[in-house]
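K.L.:
with the input below, show me the fold.
(chains A and B)
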Amino acid sequence: MTHTPSLRTRFAPSPSGHLHVGGARTALFNWAYAHGRGGKFILRIEDTDQKRSSDAASVGFLKDLKWLGIDWNEGPEFEGCGGGDFGSYFQSERLDIYNKFLEQLVQQGKAYYAFDTTAELDVARKESKSRNEAYRYDRSRADAISPEQVQAWLKEGKPAVIRFKTPAGAITIHDEILGDATLPAGEVDDFVIRKADGFPTYHFAVVVDDELMGVTTVLRAQEHFNNTAKHIVLQDALGFRRPTYGHLPLIFNPDGSKMSKRDKDKLLRKTAQDKKLTAPPANTVDATRFSAWLGDKNSQLDFAEATAMATALNIELPEINVDDFRRSGYLPQVMCNFLALNGWGPGNDLEKFDNAFLCANFALDRVQKTAAKFDRVKLLAFNLDAIQKLSREAFSGLVKAHGEIYHPEFMKKITAAQFDLLVAASHERSKTLDELFRGNRWLALGDEELTWEKSKQVEKALLAGTPSGLDRLKELRGVLEAVETWTPAGIEESIRQWATTAGLAEQIGQIAQPLRVGVTGSTVSPPIFDTLAILGKSSSLRRIDRCLQDFATAKT
RNA sequence: GGCCUCAUCGUCUAGCCUGGCUUAGGACACCACCCUUUCAAGGUGGCUACAGGGGUUCAAAUCCCCUUGGGGUCACCA
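P.N.:
Residues are numbered from 1 along each chain as shown, chains lettered A, B, ... in the order given. Modelled structure (predicted):
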């Protein structure tokens, strides 16, 4: 392991929305790279877009990072992380610093004021587009204005941006992952470095902060590749050092589209349109909100709204954000492992590893150059494997914590003993922590609330054949009533005994299914003896009675 | 469209830099069978890829060129 005490990496998200998997992987790699080399990992909040920033979101980010096990040496202070001598780590609190450097550039003639309106620029852009050319800002627009005029306009408060006077010449980017790339002269135009609202643009703030915070290595997504050229010319103009760059491959959806925070809304909107909905489904959002959302491809519902809408439309929302995966019951170490595997591998057939291994082995020369499609099915397989490897106690603890956060009603309805039995019956078969709750709703239902699924499978289990499932149930009720030790083993013993006398020893399915449907209302549940044991004797009997009652008239 | 960039099974990838050890390895998925009390889980076996075309070389997945295809970017968003 290389030990570079001065090595400093950073993760610099804009606090809009939650941390999504792409961002999480960027953070993970930066973190692992620094940690594996005795360096420092810095977290910086890029909140220079006044329209988008929100404090709640930046806290969401911090929580997500913490959950993944990614801590930061410097940055916003949160649960024992953060602090540091190079603050503030919020860009919105560093305006004075940026302005100092901005002024310096203007005075040196390396940057200039421009007064073009949005409308004017739009025209120029459209023109470029119509000629099938890339749009580049035309410096002569600004040159045409005399220095006196500039001063006069500034004095009267005419809105102005500051643009960087990009030097002529090709720009070569050194990238530790992709190698060198050279952008021909003219590819980078005079980009804006301070917006009319007085805030620096991303490009300017990044360059200043990376220098002042001593960042030595920048690992970020490939979509930033072209931006790096801008950052390099700025660094040169300001006399800054140039960090080492590595551009990470993007993460895509299985269909090849870019994984985006908006994917959930995209799916919901499409479903709503396919169903030709003109009004919002009940219990979702109001009509005004609905039509505004439906009409604007870029608008997003908040989490509660989106969840309600998905329920109403009867669809599953894709997990995009780290928080979505947490909610779905994935283990943080599995998320990190799988995220790392999308874009990096240790170089042999090893795929399962923890963060300590990642820190010790992560290096830029093994980072993939091509985008990866995020395969949730494989992630699920990894999660199952990790769950199976957990001790019963550890699994139980995680399930409990998960349930208390995401299924408090469920947890309140069941006893500690029931919980333990459920955990035991589910451990080997749970792909996620959440599955245990989603798949066992029958347990949290009161005996009088239970309803029986109207499905072919249910009918078959109860009504088909002679004797039918219902006939069996009648007999089984008596058998169960006589069971003295109400445990999976005790129940099994009694039932098997009865089955043998009834000549059904080899056809236990003819017994299990009617029972299962009788007490759970559906054809799917944990193994039947576990199911009965978890439910308890009186509930089981009561439910069988209700089932017999309900279907007594339905029998054909 | 300009510029930049990438290219191994359906997917994530090993091998490529330092050409022969590769009838291209692993994992997930898929298929078949087994187990089985539903759904899973588990077991065994199987299918599947070097984008195409030219070079260079005794020898190319590995080096070079072209084509094709993919991606990124072209904001007073980051």
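
K.L.:
which residues does the closest residue to A:Ala221 other than its chain neighbours contact?
P.N.:
Nearest in space to A:Ala221, with sequence neighbours left out and distances taken as C-beta to C-beta, 6 or more residues apart in numbering, is A:Leu248 at 5.3 Å. Bear in mind the C-beta positions are built from the backbone N, C-alpha and C, glycine included. Taking C-beta atoms under 8 Å, 6 or more residues apart in numbering, we find A:Leu248 in contact with A:25-26, A:29, A:177, A:219-222, A:343, A:367.

K.L.:
just to be sure, A:Glu187 is in a helix?
P.N.:
No: counting by DSSP: H, G, I helix; E, B strand; the rest coil, A:Glu187 falls outside a helix, being coil.

K.L.:
what about it, neighbour count?
P.N.:
Other residues lying near A:Glu187 total 14 when counted by other C-beta atoms under 10 Å.

K.L.:
so it is in contact with A:Gly169, correct?
P.N.:
No: A:Glu187 sits out of contact with A:Gly169 when judged by C-beta atoms under 8 Å, with a separation of 10.4 Å.

K.L.:
how much space separates the residue nearest to A:Ala221 from A:Gly343?
P.N.:
6 Å (C-beta to C-beta, to the nearest Å).

K.L.:
how about A:Asp122?
P.N.:
Counting by C-beta to C-beta - A:Asp122 and A:Gly343 are separated by 37 Å.

K.L.:
now A:Ser430
P.N.:
Distance from A:Ser430 to A:Gly343, by C-beta to C-beta: 28 Å.

K.L.:
just to revisit the earlier point, okay, and the common contacts of A:Leu248 and A:Gly343?
P.N.:
A:25, A:29, A:367.

K.L.:
farthest-separated two in the contacts of A:Leu248?
P.N.:
Across those, the longest distance by C-beta to C-beta is 13.6 Å; it joins A:Arg25 and A:Ile177.

K.L.:
more neighbours: these two, which one.
P.N.:
Set A:Arg25 next to A:Ile177 and count neighbours by other C-beta under 10 Å: A:Arg25 wins out with 27 against 18.

K.L.:
which element is that one on?
P.N.:
In this structure, A:Arg25 sits in helix A:21-36 according to DSSP states H and E.

K.L.:
what pLDDT does the model give the closest residue to A:Asp138 other than its chain neighbours?
P.N.:
Spatial nearest neighbour of A:Asp138, excluding adjacent residues (C-beta to C-beta, 6+ apart): A:Ala124 at 6.8 Å. Residue-level confidence at A:Ala124 comes out at 95, pLDDT.

K.L.:
and the one 5 residues further on, by the same measure?
P.N.:
Reported pLDDT at A:Lys129 in the predicted model: 92.

K.L.:
which parts of the stretch 401-550 of chain A are helices?
P.N.:
A:408-413, A:416-426, A:435-438, A:441-444, A:456-463, A:469-481, A:488-501, A:509-520, A:528-535, A:537-552 (DSSP state H, counting those that start in this stretch).

K.L.:
buried ones in the last one?
P.N.:
For helix A:537-552, the buried set under the neighbour-count rule, 16 or more other C-beta atoms under 10 Å, comprises A:539-544, A:546-548, A:551.

K.L.:
what's the angle between it and helix A:469-481?
P.N.:
160 degrees (axes from the mean of the first three to the mean of the last three C-alpha atoms, to 10 degrees).

K.L.:
for the stretch 451-556 of chain A, what lies in contact range of RNA strand B?
P.N.:
A:492, A:508-509, A:512-513, A:516, A:523-529 (C-beta under 7 Å from any atom of the strand).

K.L.:
low-confidence stretches in the stretch 51-200 of chain A?
P.N.:
A:53 (pLDDT under 70).

K.L.:
now pLDDT too, for the residues of the stretch 451-556 of chain A next to RNA strand B, in TSV please.
P.N.:
Shown next, in TSV, are these (pLDDT from 0 to 100):
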residue	pLDDT
A:Glu492	94
A:Ile508	89
A:Gly509	88
A:Ala512	94
A:Gln513	94
A:Arg516	96
A:Thr523	93
A:Val524	94
A:Ser525	95
A:Pro526	95
A:Pro527	95
A:Ile528	96
A:Phe529	96
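
K.L.:
between those residues, which sits nearest A:Thr9?
P.N.:
Closest to A:Thr9, out of all of these and judged by C-beta to C-beta, is A:Pro526, at 45.9 Å.

K.L.:
give me the distance between the nearest residue to the closest one once chain neighbours are set aside and A:Arg392.
P.N.:
Excluding the flanking residues, the one nearest A:Pro526 by C-beta to C-beta, 6+ apart is A:Ala425, at 4.2 Å. Separation of A:Ala425 from A:Arg392 (C-beta to C-beta) stands at 11 Å.

K.L.:
secondary structure class for A:His174?
P.N.:
strand.

K.L.:
show me the contacts for the residue lying closest to it once chain neighbours are set aside.
P.N.:
In space, and not counting its chain neighbours, A:His174 is closest to A:Asp180: 5.6 Å by C-beta to C-beta, 6+ apart. For A:Asp180, the contacting residues are A:172-174, by C-beta under 8 Å, 6+ apart.

K.L.:
also A:His20?
P.N.:
Applying C-beta under 8 Å, 6+ apart, the residues near A:His20 are A:259-261, A:320-322.

K.L.:
recalculate using a threshold of 7 Å.
P.N.:
By C-beta atoms under 7 Å, 6 or more residues apart in numbering, the residues touching A:His20 are A:261, A:320-321.

K.L.:
now which of these would you call buried?
P.N.:
Using 16+ other C-beta under 10 Å, the buried members of the contacts of A:His20 are A:261, A:320-321.

K.L.:
need these in a markdown table (columns: distance to RNA strand B).
P.N.:
Converted to a markdown table, those look like this (distance: C-beta to the nearest atom of the strand, whole Å):
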| residue | distance to RNA strand B |
| --- | --- |
| A:Lys261 | 11 |
| A:Ile320 | 15 |
| A:Asn321 | 16 |
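
K.L.:
filter these down to the ones in strands?
P.N.:
Of the buried ones among the contacts of A:His20, none are assigned to strands by DSSP state E.

K.L.:
which of those has the weakest pLDDT?
P.N.:
Minimum pLDDT across the buried ones among the contacts of A:His20 falls on A:Lys261, with 78.

K.L.:
from A:Phe78, how far out is that residue?
P.N.:
Taken as C-beta to C-beta, the span from A:Lys261 to A:Phe78 is 22 Å.

K.L.:
same check on A:Ser130?
P.N.:
To A:Phe78, A:Ser130 is 49 Å away according to C-beta to C-beta.

K.L.:
outside of stretch A:426-444, which residues touch it?
P.N.:
Contacts of stretch A:426-444 (C-beta under 7 Å, 6+ apart): A:328-330, A:380, A:383-384, A:387-388, A:392, A:395, A:398-399, A:402-403, A:406-407, A:409-410, A:413-414, A:422, A:450, A:520-522, A:525-526, A:534-535.

K.L.:
for the residue of the stretch 1-150 of chain A found nearest RNA strand B, give me phi and psi.
P.N.:
Going by C-beta to the nearest atom of the strand, RNA strand B is nearest to A:Glu46 of the stretch 1-150 of chain A, at 2.8 Å. Main-chain torsions, A:Glu46, degrees, to the nearest 10: phi -90, psi 80.

K.L.:
wait, what's in contact with it?
P.N.:
A:Glu46 neighbours (C-beta under 7 Å, 6+ apart): A:12-14, A:91, A:202, A:205.

K.L.:
any idea which of the helices of the stretch 401-550 of chain A scores lowest on pLDDT?
P.N.:
helix A:456-463 (a mean of 89).

K.L.:
got the buried residues for that helix?
P.N.:
Under the neighbour-count criterion of 16+ other C-beta under 10 Å, helix A:456-463 has A:458-459, A:461-463 buried.

K.L.:
and the residue lying closest to A:Leu62 once chain neighbours are set aside, what are its bridge partners?
P.N.:
Leaving out its chain neighbours, the residue that sits closest to A:Leu62 by C-beta to C-beta, 6+ apart is A:Phe78, at 4.4 Å. A:Phe78 has these beta-bridge partners by DSSP bridges: A:Cys81.
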